[in-house]
Structures are given as C-alpha cells and as structure tokens.
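Asker: Everything below, folded, please.
(4 chains)
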There are 2 protein chains.
Amino acid sequence: MRYFVAVAEELHFGRAAERLQMAQPPLSRAIQQLERRLGVQLLNRDRRGVSLTAAGKTFLEEARRALDAVDAAVRRTRRAAMAKPTLVLTTKAGASHELLKRLLDAYAARPGAVEIDVLLCEIGEQRQLLLNGRADVAIMHAPFDLMTGLESVEILTEGQVAILPASHPLAKRSSLTMAEVSNVPDLPIARWPRHDFTYPPGPGPEVRSQSQLAQLVALGRTLLVIPASSRAWQWPEHVAVPVTDAPLATTLLAWPAGIKSPALTGLIETAKQLAEQFKEQVAA
Amino acid sequence: MRYFVAVAEELHFGRAAERLQMAQPPLSRAIQQLERRLGVQLLNRDRRGVSLTAAGKTFLEEARRALDAVDAAVRRTRRAAMAKPTLVLTTKAGASHELLKRLLDAYAARPGAVEIDVLLCEIGEQRQLLLNGRADVAIMHAPFDLMTGLESVEILTEGQVAILPASHPLAKRSSLTMAEVSNVPDLPIARWPRHDFTYPPGPGPEVRSQSQLAQLVALGRTLLVIPASSRAWQWPEHVAVPVTDAPLATTLLAWPAGIKSPALTGLIETAKQLAEQFKEQVAA
DNA sequence: CCCAGCTGATACCGCAGCGGTATCAGCAGG
DNA sequence: CCTGCTGATACCGCTGCGGTATCAGCTGGG
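Answerer: This is a model prediction of the structure:
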C-alpha cells in the first residue's frame, strides 16, 4: 500500500522508487502483484507516464486511510505504554491563545489531570495529525476545518474580525462587511497551497504558514478574516476590525471518532465546562 | 496485527494458532517480534495463561481498526472496478420494511440511479459492515446504534411501540408506559450477547436474532419495545401497543465518515427528500 | 529516417524472514 | 514425583522480496 500511494502520488515509477529508497524494478513488480491480488487494474500505463484508473483513485483514498490507521495503532500503543500518561493536543500555531491557556489551566486543576503536550501545526494539518495518531486531540474551527471522522464538542462561537495593516484606510473603520473586505485591490486575499502543493491562481501572495501571513499583513500586502479569539498574535502593525456579516466561527475540541482514554474524557469534560462559562458570559 | 488480535481474543496461543491455521511456535515468535518492534509489552504471560497489558488493550482496539481499514480498502476497490457500479445497503432484518421500500423506490426513480443490493444483518452489525467495507450505507436507529465514525442523515423520528403476545393482559391496553413494560414478571426482557458472545445475567431468554425474538414473543415468553415503523414483521400472535413515554427513535441513513461516491450522494439526497415528506406528513 | 533518451517491464540472483517440526522449560494437580 | 498443560527455543527449508543487468516501446530532435 505504501508503494502504491507513492506511485499514485508521483505518477512516475522512477521517482516513486527514489522516494521509497528502493530500485524501480521491484517497485514495478510489487504494483503488478498488488493489481493481480486485488484482481483490479489500478494504473493506466500509457506511453508517456502513468495515470490512475477509477478503481485506483478509490484505492488511493482507502490505502491512505489504512496506512494512517496502522501508523496510529503503533503510535498510540507506544504512548499508552509510557510510564507517565500524556495527552498530545494540537492547534494551529497562534490561534486562540487565550482560550487555549484557559482550557489547559482549567484541565490542570482537575484531580488526576495528566500532562498535556502542545503540538503546534499549520492550518489544516490537525485532522491528519489526529487520524495518524501523532495527536490525541485538537482545537479546530468550524466551518473552516474538515471534521469528517472526528468527534467534537463546541467551546465557543463568535464573530470574525479582519486583520489589516494599520496604515491602510480600512483600518480606521469601526466595522466592516464581507463585501468591503473581499476584493480590496491593494490587499488581495493570500493563497494557500492545495493538497498537491501547487497554488490556485489569483492575485494574492502565496503563503505556507500563519507567520508568513502575519508578516505580509504587517507589510501592507494582504488582509485576512479570522475568528475574534484568534487575534492574539496581532503584530503592532496590525489592526483588527469586526466584520459584521462574516459567518460565525466555532472553536471546537476534536478527537478521532471512537478513541476514548480516561485522560481525554477529563479534557472533554473541562472543555464542556468552559463552553458553559463562555455562554454565561455572552448571556450576561 | 491479525495474529495479535487472534491471541488477544483467545488469550491462548494454542487456540489462536489453530484459528489462524498455523503452528503455535511461529505465532509465539511473531508476537514477540511485534512487541520488540513496538518496544512495548502487549501481553502478560503468567503461568496459566495470558492477559493483556494496558498497552495491549490499546493495540487490540487500534489493530482491529487498522485491519478493518485494510479490508475495506480491498473490498471497496474491487467493487469500484466492477463494470456496473452498485451500492450495498445494510439494515437489520425485518426493520423498517415500509420505509426501506419507499427509500429504494424513490432512489430507483432518480436519473442515473445504480443498483442497490440489500444486505440483511442482525442487530448491531451494521457499523462493523460499514467500517470493513462490506456495505456502503446502512439504515440505523438512534439512540440505539453506535454511530461513532459514521456520518448520517435523519430520515424519520417517531415514537416506540411495545410488541406483546396477543394473549397477554397488557395487549388489550391502548397505550402503555415504560414503567409498565419494564419488569413485567412473566415477560422478562430478552438478553442479547455481548461482544465476547457471553450473555449478561438476568431472567430474560437469551437471543441472537430478531426472528428468535419474534418467536419468543409469539410464545408469550417476552416483550420488546421498538420504533413504530419497525413493526412490519409483526406475527399474527403479536400486538403492538404505543409506549407513550419511550425515548423517541430516529431512523437514519448512515455511511462511513469521509466516503463519498456519486451513487451514495444520490441516495443521501433521496433520503433527505424522504425525510422532508415525513415531516410534512407529521405537520399535516 | 534513425538514434538518443525516456519510460516501465523482464530475467535472474542472493539472502532475509516466515512457518514448519522437534524439543525444552516452568508450573499445577493427582 | 510424574503427567499434562502452558508458552519458549532450536533448527531447517523454502518462499518471496529487493537488488543489478537488461530489454522493449515510444518520442522527439537532428
């Protein structure tokens, strides 16, 4: 399966073999054998390269899932065997600083709380980290993150703010609308890489991380719209302005469906209590 | 992993080896090697048998998940390669006859509908069938079925009825309460097997299938409480009486999280339309 | 038109690793 | 103390994986 995923991603036996640190002929044979055992043609070998059949596309998805499950099994078992149980929490670097701190503090105060390692990641990586067992639990944002295969509890629902360069005229406004922040000619929305690491076309700068984005805003090159609680990482050159009609953003605590350690149950409980506190704050 | 799951389930190397159709010594070595590679002790070998460590319990769960994922990959790929695409729908034998028929008829009327194979199963098996790729989609019942790792749409929410032997005094009533149907001395609730095939203690008869249960009701040995739409399989000797304070039962169309074939999308769409129809019926 | 260069496939080889049989070692019960 | 049960160890043979060398089909350039 690992071999097939490599070939399907590279669409080239030679490069795939290189990535797998092996020679090309055994790789070719392994894939042939896989196709024979499945009784299914996965690849079209035309002159000039390789392409996936419909069944191949299915198998690529499924194989990724299965490999993740095996990885997760190994990692979770190793971690379960450690003398000191710990919980790995992953969150987008820089997002929801205040909220994360409150969650961690409240959890640490519980009797029987275990140590929590925080694993910072880039946008959109949390789901992958949960599914392959590198993390136990994540802070994510609906409706922006894909929650498929995860369970979650809501912590906080809130409006969004636009983060603008302080020098820009829009930064002086007390509120904005989506129509006003979309299509600002001198502040085009940044472009994030797709799954295959290529970028969609468009006028905005190409970015790979939050910190790049933060710097580009400070330089007056772009703007962004994020949940209000995520603006902890504002720079001095940044100004946050509420966007009144932006979709509501919900911060969630999420974990892989069906994984329930006692430590995780405690953290979920804490998150629910925190959610109650936030709701009361809003009501008051 | 297959080896470990066998040993963990049997808690006995000899029997596990037999189940795996191999000799005991290579199995012992394979497990040792697995433990060495993981760097984790999975089993306690006491004199007199084997028991799981905490890490072993984790690995058992995770290994089952991973093996399911591999199975699912193989099966789904094989089915994706078939000339005629089909959808396998699984449902508890005898449940929601009328509703199933309406769903299938409505779907078949759609343009581009594919053939749907119906795979009947026993209570609680649907989740497993979805996760290991034997089925694509299931009809399930909240809050009775475990939905972890599945996505779903609601089709119908309804009250529950008690299925009673016609000869029993309670059968003459026009409605009942949970208090009245729990603890009827001569109609004790049937007991279903646990995951390890043992039965919980109690006075009720042991059953393994809906049809056994149906017969036991007809014989005047037990009663059961089920969603109103599931009573299609009533026998002549059965009487259905509404239970006014039973929890509402929701019939759902469910599929493995993250699996989305075009055919499945069509069926989900059909289910949503059907749900609308039911809602209107209730409103009228 | 032919050849260089790219692709993936085939031929053959050597060794690692798996599963087999035979046997051992610890322990419980008669 | 011996028997019978457990899982572990010793040793062996073969399957199968990955390696190198080479082939075969197609493409594009001179």
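Asker: where does A:M22 land in three-state SS?
Answerer: Assigned with DSSP: H, G, I helix; E, B strand; the rest coil, A:M22 falls in the coil class.
Asker: And it, how far from B:R37?
Answerer: As judged by C-beta to C-beta, to the nearest Å, A:M22 and B:R37 stand 20 Å apart. C-betas here are computed from N, CA, C, even on glycine.
Asker: More neighbours: which of those two?
Answerer: Legend: neighbour count by other C-beta atoms under 10 Å in any protein chain shown for A:M22 and B:R37, higher for A:M22 (14 against 9).
Asker: I'd like to know how far the more buried one sits from chain B.
Answerer: Distance of A:M22 to chain B, computed by C-beta to the nearest C-beta, to the nearest Å: 20 Å.
Asker: Ok, A:P111 next?
Answerer: Taking C-beta to the nearest C-beta, one finds A:P111 at 20 Å from chain B.
Asker: got a list of what that residue touches?
Answerer: Listed by C-beta atoms under 8 Å, 6 or more residues apart in numbering or on different chains, the contact set of A:P111 is empty.
Asker: Just say helix, strand or coil for it.
Answerer: coil.
Asker: Also A:N183?
Answerer: A:N183 ends up coil, using three-state DSSP.
Asker: Equivalent analysis for A:E269, please.
Answerer: Going by three-state DSSP: A:E269 is helix.
Asker: can you check A:V161 too?
Answerer: Classified using three-state DSSP, A:V161 is strand.
Asker: Surely it and A:V241 touch.
Answerer: Yes: A:V161 is within contact range of A:V241, at 6.1 Å (criterion: C-beta atoms under 8 Å).
Asker: With neighbour numbers in mind, choose between the two.
Answerer: Shown here are A:V161 and A:V241; by other C-beta under 10 Å, A:V161 has more neighbours (24 against 20).
Asker: Leaving out the residues flanking it, which one is nearest to that one?
Answerer: Excluding the flanking residues, the one nearest A:V161 by C-beta to C-beta, 6 or more residues apart in numbering or on different chains is A:A240, at 4.3 Å.
Asker: Domains in chain A, by residue range?
Answerer: Following automatic domain parsing, chain A resolves into domains at A:2-74, A:82-154+A:249-283, A:160-243.
Asker: near chain B, which residues of chain A?
Answerer: A:1, A:38-42, A:53-55, A:57-59, A:62-63, A:65-66, A:68-70, A:72-74, A:76-78, A:80-81, A:133, A:148-149, A:151, A:257-258 (C-beta under 8 Å from any C-beta of the partner chain).
Asker: Quick one, which of the residues you listed are buried?
Answerer: Neighbour-count burial (16 or more other C-beta atoms under 10 Å in any protein chain shown) applied to those gives A:1, A:38, A:40, A:42, A:53, A:55, A:58-59, A:62-63, A:65-66, A:68-70, A:72-74, A:76-78, A:80-81, A:133, A:149, A:151, A:257.
Asker: list the contacts for A:A80?
Answerer: Per C-beta under 8 Å, 6+ apart, neighbours of A:A80: A:261, B:40, B:54-55, B:57-59.
Asker: tally of neighbours for whichever residue of chain A sits closest to DNA strand C?
Answerer: Minimum separation of chain A from DNA strand C (C-beta to the nearest atom of the strand) falls at A:P25, amounting to 2.8 Å. Counted with other C-beta under 10 Å, residues neighbouring A:P25 total 10.
Asker: and it, how far is that from DNA strand D?
Answerer: Remark: distance between A:P25 and DNA strand D (C-beta to the nearest atom of the strand, to the nearest Å) = 4 Å.
Asker: part of a helix, is that residue?
Answerer: Yes: the assignment for A:P25 is a helix, going by three-state DSSP.
Asker: where does it land on pLDDT?
Answerer: A:P25 is assigned 90 on the pLDDT scale.
Asker: So stretch A:56-73, near DNA strand C or not?
Answerer: No: counting by C-beta under 7 Å from any atom of the strand, DNA strand C is not contacted by stretch A:56-73; separation bottoms out at 13.1 Å.
Asker: Dump that stretch to CSV, restricted to CA.
Answerer: In CSV, the C-alpha atoms belonging to stretch A:56-73 read as follows (Å, rounded to 0.1, in the frame of the first residue of the first chain):
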residue,chain,number,x,y,z
GLY,A,56,-7.1,3.3,-8.5
LYS,A,57,-8.5,6.6,-7.1
THR,A,58,-10.7,4.6,-4.7
PHE,A,59,-7.7,2.5,-3.6
LEU,A,60,-5.5,5.6,-3.1
GLU,A,61,-8.0,7.1,-0.7
GLU,A,62,-8.6,3.8,1.1
ALA,A,63,-4.9,2.9,1.3
ARG,A,64,-4.1,6.3,2.8
ARG,A,65,-6.8,5.7,5.4
ALA,A,66,-5.5,2.2,6.2
LEU,A,67,-1.9,3.4,6.4
ASP,A,68,-2.9,6.1,8.8
ALA,A,69,-4.8,3.5,10.9
VAL,A,70,-1.7,1.4,11.1
ASP,A,71,0.5,4.3,12.0
ALA,A,72,-2.0,5.4,14.6
ALA,A,73,-2.0,2.0,16.1
